[in-house]
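Student: Structure of the sequence below:
(2 chains)
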Amino acid sequence: MMVQENTPILNTQDRGGPAQPLLVVNDLKKYFPVRGELFAKEKKFVHAVDNVSFSVSKGKTLGIVGESGCGKSTTAKLIARLINPDSGKMVFDGDGVAEYGGIDLKEFRRNLQMVFQDSFASLNPRLTIEQTIAYGPTVHGVSKLEASIQARALLQRVGLAPELFASRYPHELSGGQRQRVNIARALAYQPRLVILDEAVAALDKSVQAQVLNLLQELKTERQLTYLFISHDLHVVRYMSDDVMVMYLGQVVEKGPVDRIFSHAAHPYTQALLSAIPSMDPNKRTLKPPLEGDPPNPINPPAGCRFQNRCPKVKDNCRSISPKLAAVGEELDHIVACHLNLDPHTYG
Amino acid sequence: MGNALVRVKDLQVQFDGQRKIQALSGVNFEVGAGEVLTLLGESGSGKSVTLRTLLRLHPEKTTRIKGEIIIDGQNVLSLNDKALNQYRGHTTSMIFQEPGLAFDPVYTIGQQMTEALLTHEQLHTSTAQARALDMLERVQIPQARKRFDAYPHELSGGMRQRAMIALALICKPKLLLADEPTTALDASVQIQILLLLRELQKETGMSVIFVTHDIGAAVEVSDRIAVMYAGRIVEIGGVEDMVSNPRHPYTQGLLASTVRYENRGSPLVTITGSPPDLAHLPKGCNFAPRCTRAQANCLTEQPNWSTSDSTEFQCWYPIKTS
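Tutor: As a prediction, the model looks like this:
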């Protein structure tokens, strides 16, 4: 498995063709039990991820946005099976993940890699950079020599000269350099799907731009598919082809990036978009778009979960929980809101 | 500025340890009464160090401070212990990035606020409690009565930051230092806190020094912006001029590398390289090794302050105004 520089690698692993989604997630669910009083009558659960379904198209970037506690990171960890879901199924390029006759978990994990927010905590402090990158492939059966040649090539590719950096330890690098190492490590497995969980959130602005450029280049070069999780809407808008908005463990809206940013249909998405500070001193924000903090995900209310903060809340929002449905004629723009289905009654 | 509340002259801070870190090398600025100044910069640029020096929070044994800080007529660097205690909280107070760590976890919000009041003013406990409760209501904490008796961990992030602001403002300081108060918060909560700070500032007429790395947040709250790089202020000016007419290449680079939708599909403009090691600062302009406009003398001579009609900056070859 030699890596050739600067030439696009034709993905021989591609089987379903470009029309088949790379990853389909169905009804993913995870409730975390809350340790409560010993003799409490009701057991409490944090509804971290509640019936989340979506698909990621090949070669595209799906951005997932939402506030802290909305379940975006838990969703990422469930997909990578770093935590086991309570229920739900995944299909990776036509194969059921960890199912009979499908793709087994080890092979799936090789195809999927993750880059985390905390670049320091996700590197082993006792391994050199080269060892870190070469470690994974050897587990998957690549010889040590080959893995280390590949590691050095990858370091070169992410902009770290191997002769200077290969033998360094993580604490000897800056945050931006460490994040480049994490990206190189993820690529060492020749993955097809890379989950970027707030991968640029901890970086300074000038370094963040460098890493985003690198990610864009690698995506075209290696035909990668990204799942890009972030709370920074500027970055999501720049990076993504599709955007999915989550609120309290549920998907409230999903659609192409331009539709979401110009015709957001869910009141929560609208509020989130208008909470972006303006860059123009003459157009300062005058009124906060949302009051209060995101509510506690422990035993959320019946009906729509956004009801307590929604400016357009009506009676049946409190009893019936809205289902995802297409917005008008736009079939790939879906939203979970009663307003969408019955605009006349709600006005 | 005649009526400046804060005057900082040639402030230099060095941390001694295994390596000598030159955290600040000659910082000068003034803040007028009722003015909001934002210190904008990346990590390691010295913005938090500046704030902490203004409150003298650095351990004295390992910190060497040179220069002069005059706040409200007091020479901060020569205050004795007793005067320093009066100065902290009463003249100047501070809010931090992580309100969860700034509060004492074993006392209720109300106890901590009352304690601060009683330290500074001769009051009856019940009067102090009433004023603390009133302050909690002014920072728009719902059910203030209930939160008064709550412990810090019982509040959400946004609520804790509001309580932190209430605690900082309870003794009516003339200067508020805000060290990245919204960085750890969600977008919808961040804008609430920024608006609250702006409102309280107008109401009380205090001065604010606001530290952030987020240009958007800086534009929302400030009158003037000072951009810091490697322990120096490289450019300072009014908000509009800084955003529309930056003269220093670093300010321009910072603005250009901010992710915007318009550059979708094309690579972002970046500043190459990374900030210098503060233990081995370059001889000339600190930014020269990363600067595209740098000439030979940039590497050897530190640029002087230049004034244009829009901003003041330290650069030999500034960008022409458009």
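Student: Could you use CA atoms for every contact and neighbour count after this?
Tutor: Fine.
Student: Would you mind listing what in the stretch 101-250 of chain B touches chain A?
Tutor: B:156-159, B:186-189, B:191-192, B:195, B:213, B:215-217, B:219-220, B:239-240, B:243 (Cα under 8 Å from any Cα of the partner chain).
Student: hmm, which of the residues you listed are the buried ones?
Tutor: B:156-159, B:186-189, B:191-192, B:195, B:213, B:215-217, B:219-220, B:239-240, B:243 (16 or more other Cα atoms under 10 Å in any protein chain shown).
Student: how about the residues of chain A near chain B?
Tutor: Going by Cα under 8 Å from any Cα, the residues of chain A near chain B are A:67-68, A:204-207, A:209-210, A:212-213, A:216, A:231, A:234-235, A:237-239, A:271-272, A:275-281, A:284-293.
Student: Just the ones of these in helices?
Tutor: A:205-207, A:209-210, A:212-213, A:216, A:234-235, A:237-239, A:271-272 (DSSP state H).
Student: just the helices in chain B please.
Tutor: Under DSSP H, chain B gives helices at B:47-54, B:81-90, B:99-102, B:109-120, B:125-138, B:144-148, B:157-169, B:187-204, B:215-221, B:239-244, B:249-256.
Student: how about the fifth one as PDB, C-alpha atoms only?
Tutor: When you say that, I think you mean helix B:125-138. C-alpha atoms of helix B:125-138 as PDB (Å, rounded to 0.1, in the frame of the first residue of the first chain):
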ATOM      1  CA  THR B 125     -25.600  41.400  56.100                       C
ATOM      2  CA  SER B 126     -29.300  41.700  55.200                       C
ATOM      3  CA  THR B 127     -28.600  44.900  53.100                       C
ATOM      4  CA  ALA B 128     -25.800  43.100  51.400                       C
ATOM      5  CA  GLN B 129     -28.000  40.100  50.600                       C
ATOM      6  CA  ALA B 130     -30.700  42.400  49.200                       C
ATOM      7  CA  ARG B 131     -28.200  44.100  47.000                       C
ATOM      8  CA  ALA B 132     -26.800  40.800  45.800                       C
ATOM      9  CA  LEU B 133     -30.200  39.500  44.900                       C
ATOM     10  CA  ASP B 134     -30.900  42.800  43.100                       C
ATOM     11  CA  MET B 135     -27.700  42.300  41.100                       C
ATOM     12  CA  LEU B 136     -28.700  38.800  40.100                       C
ATOM     13  CA  GLU B 137     -32.000  40.200  38.700                       C
ATOM     14  CA  ARG B 138     -30.100  42.800  36.800                       C
END
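Student: what sits up against it?
Tutor: B:110, B:113-114, B:117-118, B:144-145, B:148, B:162-163, B:166, B:170 (Cα atoms under 8 Å, 6 or more residues apart in numbering or on different chains).
Student: so who does the closest residue to B:Ser25 other than its chain neighbours touch?
Tutor: Spatially, and ignoring its direct neighbours in sequence, B:Ser25 is nearest to B:Gln12 (4.7 Å; Cα to Cα, 6 or more residues apart in numbering or on different chains). Counting by Cα under 8 Å, 6+ apart, B:Gln12 touches B:22-27, B:64-67.
Student: could you redo the last one with a cut-off of 10 Å?
Tutor: B:22-28, B:50, B:53, B:64-68, B:231-232 (Cα atoms under 10 Å, 6 or more residues apart in numbering or on different chains).
Student: Local confidence estimate at it?
Tutor: B:Gln12 carries a pLDDT value of 95.
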